[in-house]
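1. Coordinates for the following, if possible.
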Amino acid sequence: MKKRIQALILTTMLTLSIAPFASAAPDPHENPLNEVPHQAVYIPHASTVSAHLGNNDQDWYYLSAHSTGQQKVLFFPPDYPNNQIYNLAVYEESVLNPGSSTAITYKVVHNTNGSPAELSFQVQAGKRYYVVVAGSSILYHPYTLLVVGQIT
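-> Predicted coordinates:
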């Protein structure tokens, strides 16, 4: 009887310690990690990427300009829960120094109206640009980025 109770307690403890990890939805862009610029995931032009943000999370992506002109990136926040805040920024690679660099463009997005946010910025052919998405919530929700083809 005593061994059975010990086994039951051990099983319960293991179940409770593993459960929080099993409930999180997988994010294909967290493997490999993309938490810092040198881990950024490449996004080709005219493509979409879907990912998740969690507590204290930021996701880094990069794109390469094929020609000089205007570049657009659309951010689609999740429809739920309302009143979530997302911080979006774009950096040019040659001046990238997280924490002290000035973003080419920056936008704070509230997901209360269901509309995508647009980041529009000038690019030069042959240069690499980094897009960072950061959340200010503790919730784990999906978002979508669309890299629109360059407008020359």
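2. how about the helices in this structure?
-> Taking DSSP state H, the helices of the chain run over residues 2-22.
3. Could I get the full set of strands for the chain?
-> In the chain, the strands defined using DSSP state E lie at 41-42, 47-53, 58-64, 69-76, 85-92, 105-110, 117-123, 128-135, 141-151.
4. and the first one, what's its mean pLDDT?
-> It refers to strand 41-42. The pLDDT scores in strand 41-42 average 91.
5. Now do that strand: which elements does it pack against?
-> strand 58-64 (3 or more Cβ pairs under 8 Å, 6 or more residues apart in numbering; DSSP states H and E). For every residue, glycine as well, the C-beta is placed using N, CA and C.
6. shouldn't Arg128 be in contact with Trp60?
-> No: contact criterion Cβ atoms under 8 Å: Arg128 and Trp60 do not qualify, at 11.8 Å.
7. which one of these two has more residues nearby?
-> Trp60 (22 against 16; other Cβ atoms under 10 Å).
8. Does the more buried one touch Val41 like I think?
-> Yes: under the contact definition of Cβ under 8 Å, Trp60 touches Val41, with a separation of 7.3 Å.
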